[in-house]
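Engineer: sharing a sequence plus its predicted fold:
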Amino acid sequence: FGLVHVLDVNDSHFVNGEMKKTGVPLIVSVNDYYCFDVCLNIFNFPYRTSHVLLRLLHYRAQRLLNRYALSKFDFVVANTRYLKKRLLEHYPIPEEKISVIHRGKDVSRYFAEEGKYMSARVLFVGSNMERKGVLDLIRASREIIKKVEGVKFVIVGNRGVKLRAQIARLFEKDCLQRNF
């Protein structure tokens, strides 16, 4: 190979010293910063989750593994300037070894012709819904419902017992059931 690019640091743990000895440039992309925000104080956990201890251990382990993994690469690609800043704060990587390449998507191909496929539907798909903001979506839905007639929201993904209860309380409090 003339180059090895690992698309996510969390998948990079197969890169070893033997690969480094080949002289082939090794590049890794870093796509999230969750493990940087986790401190040792379990009561200060920065994300909503019903599994705080498990998440805390996961992110602490991920942070240590990433430190080791990142040390093996010649070049690091961050997908935002913020992430580059966080990498520089938390890992001993020279700034000149990190570049920012923003992810982009040409969304123009997703626009329908006028009047075709026009729907007032909002789809939320994801695992780890608490961290990805499903409760924020539900809270924001109050304003969207006022502005968009007949809007419907669809939530797809696993929800723990605690999250289901929180969602049910929000639905009941604001009478949102008919829109979800």
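Structural biologist: Now that the structure is in, tell me what you want to look at.
Engineer: so what's N16 closest to, chain neighbours aside?
Structural biologist: Nearest non-adjacent residue to N16, counting by CB to CB, 6 or more residues apart in numbering: K72, 7.6 Å away. Where you see a C-beta, it was placed from the backbone N, CA and C, and this is true even at glycine.
Engineer: what lies in contact with stretch 1-19?
Structural biologist: Residues outside stretch 1-19 that contact it (CB atoms under 8 Å, 6 or more residues apart in numbering) are 24-31, 62, 65-66, 69-70, 72-73.
Engineer: and with 7 Å instead?
Structural biologist: 24-31, 62, 65-66, 69-70, 72 (CB atoms under 7 Å, 6 or more residues apart in numbering).
Engineer: next, the buried residues of it.
Structural biologist: For stretch 1-19, burial by neighbour count (16 or more other CB atoms under 10 Å) applies to 4, 6, 9-10, 12, 15.
Engineer: now do the end-to-end distance for that stretch.
Structural biologist: Distance between the boundary residues of stretch 1-19 (CA to CA, to the nearest Å) amounts to 11 Å.
Engineer: re the thing from before, now, which of the contacts of stretch 1-19 lie within strands?
Structural biologist: Secondary structure from DSSP state E places 26-30 of the contacts of stretch 1-19 in strands.
Engineer: now do the lowest-mean-pLDDT helix or strand in the chain: which elements does it pack against?
Structural biologist: Ranked by mean pLDDT, DSSP states H and E, the weakest helix or strand in the chain is helix 129-132, scoring a mean of 72. The contact analysis (3 or more CB pairs under 7 Å, 6 or more residues apart in numbering; DSSP states H and E) places helix 129-132 against no helix or strand.
Engineer: this completes my enquiry, with thanks.
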